[in-house]
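Enquirer: Sharing a model that was predicted from the sequence below.
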Amino acid sequence: MTGNHLVIGLGGTGGKIIRALRKQVYTMHREVEPAALPLRCLYVDSDDRLMRQEDHTWRVLGRSVQLDNDSRLIISDANLKAALENLGDYPGIKPWIGKVDEWKDILNAMQGGKIFGGQKRRLGRFLFAMSARRFVESVQKHVNAMTNGGEVRTTFHVVCGLAGGTGSGSVVDACLQLRRIFNQSHHRIFIYALLPDRYPPPGWAKQNYHANGYAALLELNAMSTGELNPHDLTGTTFKAEAEEAVNGRLALQDPFTACYVFTNENEAGFKVDVDTTLPEIVASYLYHKIVTGSEVTLESLDRAEAFENADELAKPEDFPGQRHSKKSRRFFTFGIKQIAYPEEEIREYITYGFARQSLLQLRYNVWLEDGGYADTPAGRDFQEFVKNEANLNRWRLTDEHLFLAKGILPDEAKNTKWLTPQAEWLSAKETYLDHVRQTAQPERWMGELTKLFDLRFREQYRGQGVENFFAAKRSLRGDHIREIRNGLEAELFNDWINGSRSLNETGRLLQALRQSLQARMEGLSPKLTRLREQSDAALRRAGENDKEWVKIGALSEFFGKRKGLLEAKAQNLQLNYLIKTQILALDFAEQLIRDLVRELSDMQGVVESCETNLQTTIEEANVLREARCRDVGLEDLSGHVVRFYEPEKIRKVARRLELDRDIQTTQTQRVRTEISSRLGSQRGFGKLRDRLPSGELLSLLEQSCESSVLDAHDKLLGSSDETERLFGVSVLDKIQDRYGSDPDGLTSYIHKVVAKSEVYATFDIQEEGRDFAGSRTDKYGRRYYRESIVILPESSRSPEFADQMRQTFKSAAREGVESKVVDHPTRRHEIVLLNFVSPFPLRFLKHVSHLAEEYARRTDGVERNRALLELHIENWVDGVTPSLFPPTKEELQEEALPYILLGKAAGIFEEDRDSSGKRRGLMLVERATDGTIRETDTLGHDLLSCAENLDASRADKVRKLIGKALKGIKPKATALRQTLQADLEEIRVKLGGASVEYRRFVRAVGRAAKLLDE
């Protein structure tokens, strides 16, 4: 299918189909929006849940295929109450919204500020109307981007469900706005409408669920035939009537090219999930119709959608005697089935196995020769490791660091003037002894020595005094803690990222270190007690030295006692101030360790959070892996995709790759490198937790491990026989491997697949067989066409086998199906069967009759007006809603009986008499313009027999004749009403007042009276 393509999703079903389509595009092309594909999407909805950027359901193979802002149009931000109160300001809404009072109950039931379609089609239309201009602008923007300097033709694909309010309520107007802007000669519009499923999931079906579907079909049918021309929601035609608009209504030729209708069950009885599988099926059909159709010629599909050689079948059916009699035949349905070698799925299966291995290495890093990376931790004790002096020194957690004997901060560690307290006070003692002896009189030595030590303690220790030093450092304790944590975390993270230590081991190491520090902190209190005791003892000894000093006489001085006491005093002062320094250092260390324990606890919590993310990701990878390659392979023919492969063989190869240590070492290293690169320069466990939560981590793993899988496959199986390879193989070659020497088996297999390849709608043979004046067939008596296209990959290995496959598919086509086989030169992994039926009226589908019954049930009774308000986008012009089926005799009577009663009462019908003048009944006479009789038809002996003898042709004649005469007989309305009542009384006497037939005449008299009032 050449040209540009815009897929427009309306409502939740439309969004799910677009999501599935974009996933398929990415899977097939590894780009979200390949430049070579003339394909864009626009998603319109009143509920933004599927539009959220973080919605993980848009992810495939580690990449989000979520639409950008220009491709998402949320239409929920509208205030219906305000619009109803100011309808004059909204010319595009006022003519059709209905009576304000009728909306009160609906408005009162609304919750919150935003409103949704809520399975009320007219409410969905209101929401769309408030954004109609934005819709037009969005469409034009996409079309301009695709047609700028290139192909101008654009095909619009409008996808939606008909059960809800938003999609079902906006589909008519979306098509009208498209056709209003883009003329028929250059642009085509296709609708893909999901009919409400008969047995929806619990909670889905509210009272309008099925009736909505039929109401939407009625409008699509009437819009196609020109019997319904809805109002222009933009309001522009009220200001300046366009050529195609009358009184604000859009009268457009071919408002849509064709409408595909489908259910969730195909003709072979295969039923799929509406919420998950069906969007994939529709997306697959769209993908092959658009993308594959741009690569190869799908001639029969192109011909069908252009209605070539189907001029007669494309014309509407017409049922005489019924208002809104035309039934469009521009409806199609489709089916798709693929025989695929699921290379993508196989690659994903092994990819998630590799991802699991990487995650286990990151978490536990325990290799088992017969099991790969284990899912249990290694039995390692870190108690001794965290007490190792070399480790503590590297982490700046030795006692010297904690007591600030050594620097922790970089500028502290580089300060060459810093001495340990022991060295500091030893140097002080030796310096002060020399100084005192050289500068002071002997009798003043003791006092000078005491002053020097005290001055150093108060002011000179490390340039500021001991107490001031530690007070200053206490204010920097947060910096010390950050420095220790950052250094420790950098080392531990580096060990984890290079694969030498697992995350689980890192957490246990931090726990052991925290416990060790806690124990060291608890041991400081006894140390402080001992130090204080030692300080007191040193002070006492210093005091005793002073007492001895004053007792020194000449003889003692001669023998050097003064020198000895001076050295003893210096020794005691050195010890005292050293201990005082240590007491302050221990006090600092106690506070530092207490904060460090909290910091390490936080750091351990971060690591454990990362480990939890790993575990969550492991579980996600397990689920994703188990969801793949779990079927029975080529034995299961029921699904829309038949997987032609042997799952057990895949599982064995995958296990073989996972147990190859060289392969796993290489691929886990690649994962760690990718993680490191993703985190950037400021690496750490906190950043790992924040930047790579489980969803992002899984995305990274999907991309990294997929590359590793391809490399590992080529390494392990690159030189193997082609039958052993998993990737880069042709499904045709796989089928040949299985059935090449078994032609009967091949024929049986293909016939079974084709038999289960049916369209997703069931046809009603009884309805198909109805024959009447307005029904249509082609010159061969066919009422529609069933066609099939088989897209077959080429085989480089055996062209002869490819020819055999072509013939087998043609022979497998069921009777009445025209089958074509098309070769695809590049897509090797799948055979695609596209089935479609075209064109037909909606009455041919069994499901439509069920919807009609539900519609009749919903619109019957006292709430009819409320039901019609909710179900239809606007009221029908004449107040009569049509049917999609030929009228039954009872319906013909209901339609024509009021006119018969009026004709009889007004004397319009003539008396039919035989040659003798005997009355035979009431006669319908058609006269030419000159008054001559052209045709006569005796309707019946009396009113009862007239009603009984009605058929479609007579009913049409009666309605037309009396309709023309109405204007002339209305002046006699009073007398006519009396005659009608008299006739009704006569019928009551004959039939009885309780009979069903009499009640029918009562209704007919009432409608006849209304005709006189109109």
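Expert: Received the coordinates, thanks. Numbers count the residues shown, from 1 in each chain.

Enquirer: Could you use CA atoms for every contact and neighbour count after this?
Expert: Noted.

Enquirer: how far away is Asn949 from Gly680?
Expert: 88 Å (C-alpha to C-alpha, to the nearest Å).

Enquirer: what about these two, which has more around it?
Expert: Comparing Asn949 with Gly680 by other C-alpha atoms under 10 Å, the one with more neighbours is Asn949, at 16 against 10.

Enquirer: show me what contacts the more buried one?
Expert: Shown in contact with Asn949 (C-alpha atoms under 8 Å, 6 or more residues apart in numbering): 939-940.

Enquirer: Phi, psi for it please.
Expert: phi -90, psi 0 (degrees, to the nearest 10).

Enquirer: What distance do you get for it to Pro898?
Expert: Counting by C-alpha to C-alpha, the gap from Asn949 to Pro898 is 15 Å.

Enquirer: Pro442 too?
Expert: Taking C-alpha to C-alpha, one finds Pro442 at 143 Å from Pro898.

Enquirer: Who has more neighbours out of those two?
Expert: Taking other C-alpha under 10 Å, Pro442 and Pro898 do not tie; Pro898 has more neighbours (25 against 14).

Enquirer: Does the more buried one lie in a helix or a strand, and which?
Expert: Using DSSP states H and E, Pro898 sits in helix 889-905.

Enquirer: what residues does that helix touch?
Expert: 321-322, 909, 943, 946-948, 950-952, 955-956, 958-959, 962-963, 976, 979-980, 1000-1001, 1004-1005, 1007-1008.

Enquirer: cool, and stretch 170-189?
Expert: Applying C-alpha under 8 Å, 6+ apart, the set of residues contacting stretch 170-189 is 10, 121, 124-125, 128, 136, 152-158, 160, 219-220, 223, 230, 232-233, 250, 252-258.

Enquirer: and these, which of them are in strands?
Expert: 10, 154-158, 160, 250, 258 (DSSP state E).

Enquirer: The stretch 701-850 of the chain: helices as residue ranges?
Expert: Taking DSSP state H, counting those that start in this stretch, the helices of the stretch 701-850 of the chain run over residues 731-739, 743-755, 765-768, 799-812, 846-859.

Enquirer: CSV for the ones you listed, including distance to Ser475?
Expert: Output for the helices of the stretch 701-850 of the chain, formatted as CSV (distance: least, C-alpha to C-alpha, whole Å):
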stretch, distance to Ser475
helix 731-739, 72
helix 743-755, 79
helix 765-768, 90
helix 799-812, 83
helix 846-859, 77
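
Enquirer: Number of residues surrounding the closest residue to Leu87 other than its chain neighbours?
Expert: Leaving aside its sequence neighbours, Leu87 sits nearest to Lys94 (C-alpha to C-alpha, 6 or more residues apart in numbering; 5.4 Å). A count of nearby residues for Lys94, using other C-alpha under 10 Å, gives 18.

Enquirer: looking at the ones in strands among the contacts of stretch 170-189, which has the most residues close by?
Expert: Leu10 (30 neighbours).

Enquirer: So for that one, what's the pLDDT?
Expert: With respect to pLDDT, Leu10 scores 97.

Enquirer: Equivalent analysis for the one 4 residues further on, please.
Expert: At Gly14, the model reports a pLDDT of 97.

Enquirer: Then Gln361?
Expert: Gln361 is given a pLDDT of 97.

Enquirer: Would you list the phi and psi of His872?
Expert: phi -110, psi 150.

Enquirer: what residues are up against it?
Expert: His872 touches 121-122, 169, 212, 215-216, 219, counting by C-alpha under 8 Å, 6+ apart.

Enquirer: Can you add distance to Asn875 and neighbour count and give those back as JSON lines?
Expert: Formatted as JSON lines, these follow (distance: C-alpha to C-alpha, whole Å; neighbours: other C-alpha atoms under 10 Å):
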{"residue": "Arg121", "distance to Asn875": "12", "neighbour count": "32"}
{"residue": "Arg122", "distance to Asn875": "10", "neighbour count": "25"}
{"residue": "Gly169", "distance to Asn875": "13", "neighbour count": "34"}
{"residue": "Asn212", "distance to Asn875": "14", "neighbour count": "33"}
{"residue": "Ala215", "distance to Asn875": "11", "neighbour count": "28"}
{"residue": "Ala216", "distance to Asn875": "13", "neighbour count": "25"}
{"residue": "Glu219", "distance to Asn875": "11", "neighbour count": "23"}
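
Enquirer: Now, these that are in helices?
Expert: Among the contacts of His872, the ones falling in helices (DSSP state H) are 121-122, 169, 212, 215-216, 219.

Enquirer: will you turn those into TSV that also has pLDDT and distance to Arg30?
Expert: Shown next, in TSV, are these (pLDDT from 0 to 100; distance: C-alpha to C-alpha, whole Å):
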residue	pLDDT	distance to Arg30
Arg121	93	38
Arg122	93	41
Gly169	94	35
Asn212	96	39
Ala215	95	41
Ala216	97	38
Glu219	95	40
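
Enquirer: Tell me which two of those sit farthest apart.
Expert: Arg122 and Glu219 (12.3 Å; C-alpha to C-alpha).

Enquirer: Show me the helices in the stretch 901-1014 of the chain, by range?
Expert: With DSSP H, counting those that start in this stretch as the criterion, the stretch 901-1014 of the chain has helices spanning 943-948, 952-969, 973-991, 996-1013.
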